[in-house]
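> Predicted model follows, preceded by the sequence.
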Amino acid sequence: MWRHAAARRSAQIRRLLSTSAPSAGAVRGPCIVHKRGTDILHDPWYNKDTAFPLTERDRLGLRGLLPPRVMSFEQQYERFINSYHSLEHNTQGEPDSVVSLAKWRILNRLHDRNETLYYRVLIDNIKDFAPIIYTPTVGLVCENYSGLFRRPRGMYFSAKDKGEMMSMIYNWPAEKVDMIVVTDGSRILGLGDLGVQGIGIPIGKLDVYVAAAGINPQKVLPIMLDVGTNNEELLEDKLYLGLRQPRLEGEEYLAVVDEFMEAVHARWPKAIVQFEDFQMKWAFETLQRYRSRFCMFNDDVQGTAGVALAGLLGAVRAQGRPLADFTKQKIVVVGAGSAGIGVLNMAKHAMLRMPGTHKIGELGEGHNQFWVLDKDGLITKSRKDLDPAVARFARGYGPEEVEDLHEGASLVEVPHVLLGLSGVGGIFNEEVLKAMKESDSPCPAIFAMSNPTTKAECTPEDVFKHVGENAVFASGSPFSNVTLSNGRKGYANQANNMYLFPGIGLGALLSGARHISDGMLHAAAECLASYITDDAIRKGILFPSISSIRHITARVGAAVARAAVDEDLAEGCSDLDPRDLRSMSESDTVDYVARKMWYPVYSPLVNDK
Ligand SMILES: NC(=O)C1=CN([C@@H]2O[C@H](COP(=O)(O)OP(=O)(O)OC[C@H]3O[C@@H](n4cnc5c(N)ncnc54)[C@H](O)[C@@H]3O)[C@@H](O)[C@H]2O)C=CC1
Ligand SMILES: CC(=O)C(=O)O
Ligand SMILES: [Mg+2]
């Protein structure tokens, strides 16, 4: 009896692994379309521009609506890339912001017109285009959103929609939604409260989901919760597109978010909801409020933590030490916000899980490896009104008090790792970096993780000049590598949560996880940490190239799905029973996840009328 069930299961797994998603050069099965003529040309999901074959033009009432020559997908691709390069050439010498916005516009126009071509150029050129659709340019886009606005993307739920959200959610045209990224615009990158203009962030994050995790773009939904803004400039701006009122607070605020979450869950109970760029108090509060009821996570708190942990473990390896020595690292975190505290929580957990560290509390109060600073300097137990999430990391200098290490101190013990999540550009100045030279690490690590580029705590040039060429560097937004005095490369790694959030979402989705546990998040971080080889680490490479993001995401997604199974949180998805997932080997799971990824190719269109 059992043997039959096992045999059926392996046959099912073989079937799952052999039904591949379309990849480069593949032909997709036909797609039924309920429209004709110009309605198809104006629908970016179906539109193929000049690539509609003649038979399809006849079938769909398109004959005469397009120039007669039929172009191939490859020709269209080349034409777009050529116009992008011409734009680069023609804007040489213009200010960076003008060039970046021009690049964003040309990509955005393609996105609005032809999604298949847009996502193909994005996937193939992710390293070049990520800085346009994601940080840093997405920050500039958000700052200028009310002026740049041409057509809506995603959904907007405002404080004025209270009581209506359950019906509004049905206004979204797609029947199925898998992935939602939602913001309230209260802390957009390091740019502060941008109100409704923050919608650019969910849009950019979901573009990364499509490119990296192969989530079908028809099944993603960017959402803005507009509960007002406290940004005076926006409140006074006549062109501002959001509610011109101060932010809701307290129970009024939570009532809006509650109603939104209930509405989403009612229509798409299996959709994953990623909270993004909420100010700290709401980031932690909503995470605690929803994480056991819905399949959701907070990217700034949890995604960032995993990426930083992978970087911290890389820094230990760069020193030529065994991973267990992580517990001996002195780590200074500048910025005690949602990201900084998220990182500290995960790093502390990871230390407690290291072999040889058995007792909870061994790294506890007064004897931890962390020093945390916020805008008022070093946080100690004498600080008044500390948020409980931060208080866990306050230093308690009692009898061991050291002269320079007092409440509010600006210079603290020279650490092995200096990690910035402050949102303050240039705060790791020459003095701070020169002090890092005294670190007793053979490769002091400096992580300037704030975004966008203008908010990075320092640049790689500063680090290799002032700390030394033995330093390792990572930043949240991309920088170019630096040529060192001996001709070697000083690597400007990118430590951005984009390495993890797509895999966390994808793994949760494919496993049909009931919720997203700490174990699943740890699995994601460990997977990323182990991705880099010792050879690469020795050169100062802590993170893989963004060009491999689809491959990395398949691995991370598989690790997350397997962790969900291990914790009995997996309920499976449409074609996958959790027992199938349980019987897959690690590499079969990676294959399965990779095969489930959507890949942009034109499908033959068939009209149902
Ligand atoms: N690289 C990545 O993947 C990620 C980067 N970030 C970046 O991290 C930054 C912070 O994000 P959140 O923690 O969510 O913001 P937050 O507003 O919750 O926290 C900012 C923290 O920095 C502190 N701070 C402000 N000025 C300071 C100063 N002069 N010295 C020391 N500390 C100072 C504040 O007191 C606060 O504790 C943003 O720039 C954001 O873009 C956030 C998430 C992911
Ligand atoms: C990367 C990101 O999530 C942030 O800067 O907020
Ligand atoms: Mg964020």
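Received, thanks. Ligands and ions are numbered 1, 2, ... in the order given.
> Does D591 fall in a helix, a strand, or a coil region?
The local conformation at D591, judged by DSSP: H, G, I helix; E, B strand; the rest coil, is helix.
> Tell me the residues on the stretch 251-400 of the chain that lie near ligand 3, please.
Contacts of the stretch 251-400 of the chain with ligand 3, taken as CB under 5 Å from the ion, map to E276, D277, D300. For every residue, glycine as well, the C-beta is placed using N, CA and C.
> Any chance of a PyMOL selection covering the buried ones in the residues you listed?
In PyMOL, this line selects whichever of those come out buried by 16 or more other CB atoms under 10 Å:
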select buried, resi 276+277+300
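> Now render the residues of the stretch 251-400 of the chain next to ligand 3 as a markdown table, adding secondary structure.
Shown next, in a markdown table, are those (three-state DSSP):
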| residue | secondary structure |
| --- | --- |
| E276 | coil |
| D277 | coil |
| D300 | helix |
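> what helix or strand is S146 on?
Element membership of S146 [criterion: DSSP states H and E] is helix 145-148.
> How far off centre is the very next helix or strand once past that helix?
Once the chain leaves helix 145-148, the next helix or strand it forms, by DSSP H and E, is strand 155-158. Relative to the centre of its chain, strand 155-158 is centred 21 Å away, using CA atoms, centre = their mean, to the nearest Å.
> go on, stretch 239-255?
25 Å.
> Give me the residues contacting it.
Identification of contacts with stretch 239-255 by CB atoms under 8 Å, 6 or more residues apart in numbering yields 145-147, 149, 158-160, 162, 185-186, 193, 195-197, 226-230, 234-235, 256, 282, 285, 289.
> likewise stretch 78-90?
By CB under 8 Å, 6+ apart, stretch 78-90 touches M71, V99, A102, K103, I106, L110, L117, V121, N125.
> What of stretch 153-165?
168-169, 171-172, 196, 199, 202-203, 221-228, 242-243, 245, 248, 252, 255-256, 259-260, 262-263.
> mind running it again at 7 Å?
168, 172, 196, 199, 202-203, 221-228, 243, 248, 255-256, 259-260, 263 (CB atoms under 7 Å, 6 or more residues apart in numbering).
> Show me those that map onto helices.
Of those, the ones assigned to helices by DSSP state H are M168, P202, I203, A255, V256, E259, F260, A263.
> Now neighbour count too, for these, in CSV please.
Formatted as CSV, the ones in helices among the contacts of stretch 153-165 follow (neighbours: other CB atoms under 10 Å):
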residue, neighbour count
M168, 15
P202, 25
I203, 23
A255, 14
V256, 21
E259, 19
F260, 24
A263, 19
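> Can you name the two of those that sit furthest apart?
Taking CB to CB as the measure, the ones in helices among the contacts of stretch 153-165 span a maximum distance of 26.0 Å, between I203 and A255.
> thinking again about what came up before, mind putting the residues of the stretch 251-400 of the chain next to ligand 3 into a markdown table with pLDDT?
Listed next are those as a markdown table, based on pLDDT from 0 to 100:
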| residue | pLDDT |
| --- | --- |
| E276 | 98 |
| D277 | 98 |
| D300 | 98 |
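> now, among the residues of the stretch 251-400 of the chain next to ligand 3, which is nearest to ligand 1?
Distances from ligand 1 to those, taken as CB to the nearest ligand atom, are shortest for D300 (4.2 Å).
> The closest one and A283 touch, don't they?
Yes - with contact defined as CB atoms under 7 Å, D300 counts as touching A283 (6.1 Å).
> what sits in contact with each of those two?
Counting by CB under 7 Å, 6+ apart, the residues touching both D300 and A283 are S338.
> Appreciated, that's everything.
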